[in-house]
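In: could you work out the structure for the sequence below:
(chains A and B)
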Amino acid sequence: MKRIALGAALVGLVTLPTWVGGTYYVNIASQILFYAIFALGVNVLAGYAGLVSLGHAGLFGIAAYAGAKILGGGHGHLMVALVALATTLIFSAVFAVLALRGTGLGFVMITVALGQIVWGVAYRWISITNGDNGVTITGRPAPFGLSLASPRSFYWATLLVFLLAVASMAVFVASPFGASVRGTRDQPRRMNALGYNVWMIRFLAFLLSGFWSGVAGLLFLYYNQFVSPQAVALTASAEALLMVISGGTATLLGPITGAFLVVIMKNVASAYIERWNFVLGAIFVLIVVFMPEGLVPGTVRLARWTSTAWRPRAVQPTA
Amino acid sequence: MTALAVRDLDKSFGGLRVTSRVSLAVEPGERRLIIGPNGAGKTTLFNLITGELAPDRGAITLFDRDITRVPSRRRPHLGIARTYQIITLFPRDTLLRNVTLSLLGLSSLRWNPLARLDGQRALIARAREVLERVALEHLADRPLGQTSYGERRRVEIAMALAQNPRVLLLDEPFAGLSIEERRDVLRLVTGIPRDVTIVMIEHDMDVALDFAERITVLHFGEVVIEGTRAEVVAHPRTREIYLGE
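Out: Numbers count the residues shown, from 1 in each chain, chains lettered A, B, ... in the order given. Just a heads-up that it's a prediction; the model follows:
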């Protein structure tokens, strides 16, 4: 059953450009996919490690800016990807060392501060980042001679990276290291007493989280051909976190569902409703009230509840 | 050779001296009971031995190796395991996963992000064996959150036993248990082989006295009396301090 659903979803995703109707929607689908990768990255920390970060747009943006600068320097796309991801990893390590001095609210506040520093640099250090005007690039890579210039081919390339991200998450979650990470979330003191290096486990989880945020940031750059301070703003970090929380933290499908919801609201609903932000806010409030665990676990719970409620009851013994 | 020795250990929280020149030496295989009124510094002593707290002064040795400066996360690898007075387990996970996490803590597999934990047959088989030792094998696949308090107490002990410790620190393993459950836990603890040295904190004198060979009485962070079971029980100060008479 699960395999059939998975296969159907895969076929649906691969054939999406043929049935979705128009390049506009293909582009939206690409956005959903790279934001889903971003949300999956944030989920490693917020969901599995129990460390809520409000600075991940900084890492997402560092990858995009680094990529744009390297490309602007006349280097090839392979070099762009390598340097952008290496830069993101280095900054993730720096962020982690600083942020992991605290847990809980302390961790949140340090990540906010770090994210704001990145935003400040993007906005004010004009000689490097071109300030408010952002950095524009031209051209997408053509791996193995396959050009990604068209919306369709870019979608398929993004889908491939997305599937890699999902697969890597599935492997991570089921691995002993994944269990270690979740253990440090649920009972850090016991984990330490059992011989685990809690700090190092959290540090490595941060790197994994930063890596996928960087991958998403690079895809964002190639998709938009442009990066500006808006991409690294606090609201962008909050949006990523909302994707994770609304979809369901510490689940595989939750962040993907959340990314779908946010991108759809941003692009599609905004065409019909001027105050789409209000609608998005209302939806989040409804989720928090009725499904505080997030859409995916909430739906599972509802489905279970209805299936037991509709099942014919056993004959009651008469008293 | 002593299994566990503590020399002139001091620890203060601000102006409050919770551990004051505490010294004790536990022989290999010994069963040691630590008693004392609430606030005597018993759990603090355990926290110092496991390294969760750093002493202000003094030294801790494990089988004649000085471990005072060894980080707490390394100490389980050297053979110290403990249980907690307040149950500190993983409520969302099954009993089997709880014990598996304990085994994993000493295995280099814990860093592996590519293997499948559910596929680690040897590790899981060992976790089942440990659950069998504490008579919880039939509940292996039940989430910890759905078990009784008495069962969780036994999982606490299973977590420590899984690591095959040389020195086992039990912090009030009978706390909050019914008479039958106490008997079960006592049988379990008495059944631990002699190659494990056991230090136990316990309030319940009825159960704990049968178990102890030597007893240390702590009061206001100091060792007041130490001796064999008979000596300590007969000592007039024991009554005075511990029973408040």
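
In: tell me where the model's unsure across the chain.
Out: Just going to use chain A. Counting by pLDDT under 70, chain A contains low-confidence residues at A:309-319.

In: my question was about chain B, not that one.
Out: In chain B, residues with pLDDT under 70: B:242-245.

In: helices of that one, start to end?
Out: Using DSSP state H, the helices of chain B run over B:42-50, B:75-78, B:95-105, B:121-133, B:149-162, B:179-190, B:205-211, B:229-234, B:236-242.

In: quick one, longest helix in chain A?
Out: Under DSSP H, chain A gives helix A:198-224 as its longest helix.

In: tell me which residues in that helix are buried?
Out: Buried residues in helix A:198-224, counted by 16 or more other Cβ atoms under 10 Å in any protein chain shown: A:198-199, A:201-223. C-beta here means a position set from N, CA and C on the backbone, and glycine is covered the same way.

In: helices or strands next to that helix in the packing?
Out: helix A:23-43, helix A:56-72, helix A:77-99, helix A:151-174, helix A:176-186, helix A:188-193 (3 or more Cβ pairs under 8 Å, 6 or more residues apart in numbering or on different chains; DSSP states H and E).

In: out of those helices, which gets nearest to B:Glu137?
Out: helix A:176-186 (20.8 Å; Cβ to Cβ).

In: relative orientation of that closest one and helix A:151-174 in degrees?
Out: If you take axes from the mean of the first three to the mean of the last three Cα atoms, to 10 degrees, helix A:176-186 sits at 70 degrees to helix A:151-174.

In: and helix A:176-186, C-alpha only, in CSV?
Out: C-alpha atoms of helix A:176-186 as CSV (Å, rounded to 0.1, in the frame of the first residue of the first chain):
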residue,chain,number,x,y,z
PRO,A,176,21.9,4.9,14.4
PHE,A,177,23.1,8.6,14.1
GLY,A,178,19.5,9.7,13.5
ALA,A,179,18.6,7.9,16.7
SER,A,180,21.4,9.6,18.5
VAL,A,181,20.2,13.0,17.3
ARG,A,182,16.6,12.4,18.5
GLY,A,183,18.0,11.1,21.8
THR,A,184,19.8,14.4,22.4
ARG,A,185,16.4,16.1,21.8
ASP,A,186,14.4,14.0,24.2
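
In: elements contacting that helix?
Out: helix A:188-193, helix A:198-224, helix B:95-105.

In: which of those helices sits closest to B:Ile49?
Out: Of all these, helix A:188-193 comes closest under Cβ to Cβ, at 11.3 Å.

In: circling back: the next helix or strand after the longest helix of chain A pairs with which strands, and in what direction?
Out: Remark: after helix A:198-224, the chain's next helix or strand is strand A:226-227, criterion DSSP states H and E. When sheet partners are counted by DSSP bridges, strand A:226-227 sits next to strand A:135-136 (antiparallel).

In: what does the strand it pairs with rub up against?
Out: For strand A:135-136, the external contacting residues (Cβ atoms under 8 Å, 6 or more residues apart in numbering or on different chains) are A:Tyr65, A:Ala68, A:Lys69, A:Gly72, A:Thr129, A:Gln225, A:Phe226, A:Val227, A:Ser228.

In: now that strand, how far from the centre of its chain.
Out: What separates the centre of strand A:135-136 from the centre of its chain is 23 Å, taken as Cα atoms, centre = their mean, to the nearest Å.

In: re the thing from before, I'd like the helices and strands packed on helix A:198-224 written out as TSV, with mean neighbour count and distance to B:Gln163 added.
Out: Formatted as TSV, those follow (neighbours: other Cβ atoms under 10 Å in any protein chain shown; distance: least, Cβ to Cβ, whole Å):
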stretch	mean neighbour count	distance to B:Gln163
helix A:23-43	24	31
helix A:56-72	27	36
helix A:77-99	19	29
helix A:151-174	18	24
helix A:176-186	24	15
helix A:188-193	22	10
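
In: turn these into a markdown table, columns for distance to A:Thr251.
Out: Below are the helices and strands packed on helix A:198-224 laid out as a markdown table (distance: least, Cβ to Cβ, whole Å):
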| stretch | distance to A:Thr251 |
| --- | --- |
| helix A:23-43 | 8 |
| helix A:56-72 | 18 |
| helix A:77-99 | 23 |
| helix A:151-174 | 9 |
| helix A:176-186 | 12 |
| helix A:188-193 | 22 |
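
In: among those helices, which is nearest B:Val196?
Out: Comparing the helices and strands packed on helix A:198-224 by Cβ to Cβ, helix A:188-193 comes nearest, at 17.0 Å.

In: kindly report the residues of chain A close to chain B.
Out: By the rule Cβ under 8 Å from any Cβ of the partner chain, the part of chain A lying against chain B is A:171-172, A:174-180, A:183, A:186-187, A:189-198, A:208.

In: go again with 7 Å.
Out: A:171-172, A:174-180, A:183, A:186-187, A:189-190, A:192-197 (Cβ under 7 Å from any Cβ of the partner chain).

In: just to revisit the earlier point, JSON lines please, covering the helices and strands packed on helix A:176-186 and showing distance to A:Ala157.
Out: As requested, those are exported to JSON lines (distance: least, Cβ to Cβ, whole Å):
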{"stretch": "helix A:188-193", "distance to A:Ala157": "39"}
{"stretch": "helix A:198-224", "distance to A:Ala157": "8"}
{"stretch": "helix B:95-105", "distance to A:Ala157": "38"}
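
In: find the nearest non-adjacent residue to the residue nearest the centre of chain A, please.
Out: In chain A, the centroid-proximal residue (Cα atoms, centre = their mean) is A:Ala39; its distance is 1.6 Å. Closest residue to A:Ala39 apart from its sequence neighbours, by Cβ to Cβ, 6 or more residues apart in numbering or on different chains: A:Pro255 at 3.4 Å.

In: pretty sure the one you found contacts A:Gly247?
Out: Yes. Using Cβ atoms under 7 Å, A:Pro255 makes contact with A:Gly247 at a distance of 5.3 Å.

In: any idea how far B:Ile87 is from B:Arg73?
Out: 21 Å (Cβ to Cβ, to the nearest Å).

In: more neighbours: which of the two?
Out: A direct count of neighbours by other Cβ atoms under 10 Å in any protein chain shown for B:Ile87 and B:Arg73 places B:Arg73 higher, at 21 against 16.

In: rewinding a little: A:Pro255 and A:Gly247: who's more crowded?
Out: A:Pro255 (34 against 29).

In: mind telling me what element the more buried one is part of?
Out: A:Pro255 belongs to helix A:253-264, assigned by DSSP H and E.

In: buried residues of that helix, list them for me.
Out: Applying 16+ other Cβ under 10 Å to helix A:253-264 flags A:Leu253, A:Gly254, A:Pro255, A:Ile256, A:Thr257, A:Gly258, A:Ala259, A:Phe260, A:Leu261, A:Val262, A:Val263 as buried.
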